[in-house]
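Undergrad: Sharing a model that was predicted from the sequence below.
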Amino acid sequence: MSRRDRASLAGLAALLAGSGILHRAKAEAYQRIVPAPLLRWRSEIVAVSGAAETGCALLPLLPRTRRVGAYASAMLFVAVFPANIQMALDGGSAGAGLPSDNSALAWLRLPLQVPLVWWALSLRHSPHPRRPSAGD
């Protein structure tokens, strides 16, 4: 695995792990952007999505689970997109601080989901780390 592949893998893992931690530490901020039809389950949705982000951070790090982790991460980025739309429709997340409370940034964030999905999918074919051969 190249240095670039390792850096990409570490970057995605850090992004997802950080978000997973924030889901627990700042749950109320995430509960504010749960789409209206799901408000009844907002606590559960935030808890599950935070756990999913933590799992998606770990799965690609292991060669055996990298492929499933890459696909799971991509699906997670698609699954949370409605919350990002809700945040944009609400004009940001009031009281959350910059950049989350900014309407323009909330709208500009939406197209960023596409490169995130691509980033996750780009890791599905990352080669396994080179195993030493008997002659090494």
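TA: Sure thing, it's come through.
Undergrad: Now for E44, how many residues are close by?
TA: For E44, the count of nearby residues is 11 (other C-beta atoms under 10 Å). (Glycine included, C-beta is placed from N, CA and C.)
Undergrad: Now name the helix or strand holding it.
TA: Assigned by DSSP states H and E, E44 belongs to helix 42-58.
Undergrad: can you give me how far that helix is from the chain middle?
TA: Here helix 42-58 shows a centroid-to-chain-centroid distance of 9 Å under the convention C-alpha atoms, centre = their mean, to the nearest Å.
Undergrad: I'd like to know how far the residue nearest to the spatial centre of the chain sits from P63.
TA: By C-alpha atoms, centre = their mean, the chain has its centre lying nearest to L16, at 4.4 Å. From L16 across to P63, the span is 18 Å (C-beta to C-beta, to the nearest Å).
Undergrad: Any regions of this structure where pLDDT drops low?
TA: Low-confidence segments of the chain, defined by pLDDT under 70: 94-100, 126-136.
Undergrad: Next, L123: phi, psi?
TA: phi -90, psi -10 (degrees, to the nearest 10).
Undergrad: shouldn't it be in contact with L9?
TA: Yes - if you go by C-beta atoms under 8 Å, L123 and L9 touch, sitting 5.9 Å apart.
Undergrad: any shared contact partners between the two?
TA: Common neighbours of L123 and L9 are listed as P60, R66 (criterion: C-beta atoms under 8 Å, 6 or more residues apart in numbering).
Undergrad: by contact count, what packs against the helix holding E44?
TA: Helices and strands touching helix 42-58, by 3 or more C-beta pairs under 8 Å, 6 or more residues apart in numbering; DSSP states H and E, are helix 3-25, helix 27-31, helix 66-79.
Undergrad: Tabulate these (JSON lines), appending distance to W107.
TA: Listed next are the helices and strands packed on helix 42-58 as JSON lines, based on distance: least, C-beta to C-beta, whole Å:
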{"stretch": "helix 3-25", "distance to W107": "20"}
{"stretch": "helix 27-31", "distance to W107": "18"}
{"stretch": "helix 66-79", "distance to W107": "17"}
